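A.B. asks: build me a model from this:
(one chain, ligands or ions: 1)
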Amino acid sequence: MSKKCTKCKESKPKASFHKGKTNPWCRECSKAYSKLHYDENKLAILARQAELKKTSKYKEARRKRSKEAYRASPQKRVRQSAHTALTDLLSGKRKSSWVLKHLGCTVTEWKRHLESQFKPGMNWDNRGVGKEKWCLDHVVPLSSADLQNKDELDRVLNYKNTQPLFQQENSSKGARILPEEEARSFEYKTNLAVEKATFEAEVKAENDIRNVMPDVIIALADKEELFIVEYLEKIDFKNNGFQQAEKKKGKK
Ligand SMILES: [Zn+2]
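C.D. replies: Numbers count the residues shown, from 1 in each chain. Modelled structure (predicted):
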């Protein structure tokens, strides 16, 4: 059984064609075409990526994605929800919450428990993040428990596991047992460091491209932001290369 390639016009055995595909070109012709177009498009795609990453729309999309990833993690979601609920209950912003089921006492009783541990200078007006402020701390940190498990929730969310802690004390408590507020600020700082490293890598890549192909960058700068954002959201350059980009172009 042989098949004629519509590109090189040669008759070749079926094994010389991609299986199950309607591609009328033989493997060799297909490969040559892919290679040619990959090289042609590679720098253009990289340039578009670099340009895109500077746009506010891209940054917004990235923020959204990381937020979604955060929400998708049940452990983090519960921890965040519990923390917000607890501080809202303390401030009176909220009167009821799911955390009350695990607290083991009423909010009034809980506040009395915290008050009994107040150190000189602590009062209900200086709870928060910053110098001279105290924050709600879990002696056994929430992050150390399996927050999907009801018994674990009863254990770590119990009022007896809470204490007021000055910010200065936090650092001495050690990295393993960070109070929630501090932990959040740590997460924030880590994210910032990652963002910074990513940004620097992007700038470097962009400069590399700029040096090689200044005209590509100029041409791309004229394109609409939205197009570039959509374009790059659809293609995963590393995995799929130009093929998806070509497909997209064909649809337009
Ligand atoms: Zn061929």
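
A.B. asks: what secondary structure does residue 164 sit in?
C.D. replies: Put simply, residue 164 is strand when judged by DSSP: H, G, I helix; E, B strand; the rest coil.

A.B. asks: that one reaches residue 120, doesn't it?
C.D. replies: No: using C-beta atoms under 8 Å, residue 164 is not in contact with residue 120; the gap is 11.9 Å. C-betas here are computed from N, CA, C, even on glycine.

A.B. asks: higher neighbour count, the two?
C.D. replies: residue 164 (23 against 5; other C-beta atoms under 10 Å).

A.B. asks: what pairs with the residue nearest to the more buried one when sequence neighbours are not counted across the strands?
C.D. replies: Spatial nearest neighbour of residue 164, excluding adjacent residues (C-beta to C-beta, 6 or more residues apart in numbering): residue 134 at 4.7 Å. For residue 134, the beta-bridge assignment (DSSP bridges) gives partners residue 127, residue 166.

A.B. asks: quick thing: my sequence starts at 711, can you match it?
C.D. replies: Okay, residue one is now 711; in that scheme the one you just asked about reads as residue 844.

A.B. asks: how many neighbours does residue 844 have?
C.D. replies: 27.

A.B. asks: in stretch 796-810, what's buried?
C.D. replies: 796, 797, 799, 800, 804, 807, 809, 810 (16 or more other C-beta atoms under 10 Å).

A.B. asks: same question, stretch 737-744
C.D. replies: Judged by neighbour count using 16+ other C-beta under 10 Å, the buried positions of stretch 737-744 are 739, 740.

A.B. asks: state the mean pLDDT of that stretch.
C.D. replies: Stretch 737-744 shows a mean pLDDT of 77.

A.B. asks: quick one: that stretch near the ion?
C.D. replies: Yes: using C-beta under 5 Å from the ion, stretch 737-744 reaches the ion at residue 739.

A.B. asks: just the C-alphas of that stretch, formatted as PDB.
C.D. replies: Extracted in PDB, the C-alpha atoms of stretch 737-744 (Å, rounded to 0.1, in the frame of the first residue of the first chain):
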ATOM      1  CA  ARG A 737       6.600  12.800   7.000                       C
ATOM      2  CA  GLU A 738       9.700  14.300   5.500                       C
ATOM      3  CA  CYS A 739       7.700  17.100   3.800                       C
ATOM      4  CA  SER A 740       5.700  17.800   7.000                       C
ATOM      5  CA  LYS A 741       8.800  17.900   9.100                       C
ATOM      6  CA  ALA A 742      10.600  20.200   6.700                       C
ATOM      7  CA  TYR A 743       7.600  22.500   6.700                       C
ATOM      8  CA  SER A 744       7.400  22.500  10.500                       C
END
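
A.B. asks: circling back to that earlier point, and the buried residues of stretch 796-810, which two are the farthest apart?
C.D. replies: 797 and 810 (13.7 Å; C-beta to C-beta).

A.B. asks: excluding its backbone neighbours, what's nearest residue 722?
C.D. replies: The nearest residue in space to residue 722 (C-beta to C-beta, 6+ apart) is residue 736, at 5.2 Å.

A.B. asks: tell me how many other residues crowd that neighbour.
C.D. replies: Counted with other C-beta under 10 Å, residue 736 comes out at 22.

A.B. asks: wait, it sits on residue 718?
C.D. replies: Yes: with contact defined as C-beta under 8 Å, residue 736 reaches residue 718; the gap is 6.5 Å.

A.B. asks: what about the residue nearest to residue 856 when sequence neighbours are not counted, which helix or strand?
C.D. replies: For residue 856, ignoring the flanking residues on the chain, the nearest one in space by C-beta to C-beta, 6+ apart is residue 862 at 4.8 Å. Assessed by DSSP states H and E, residue 862 sits inside helix 860-867.
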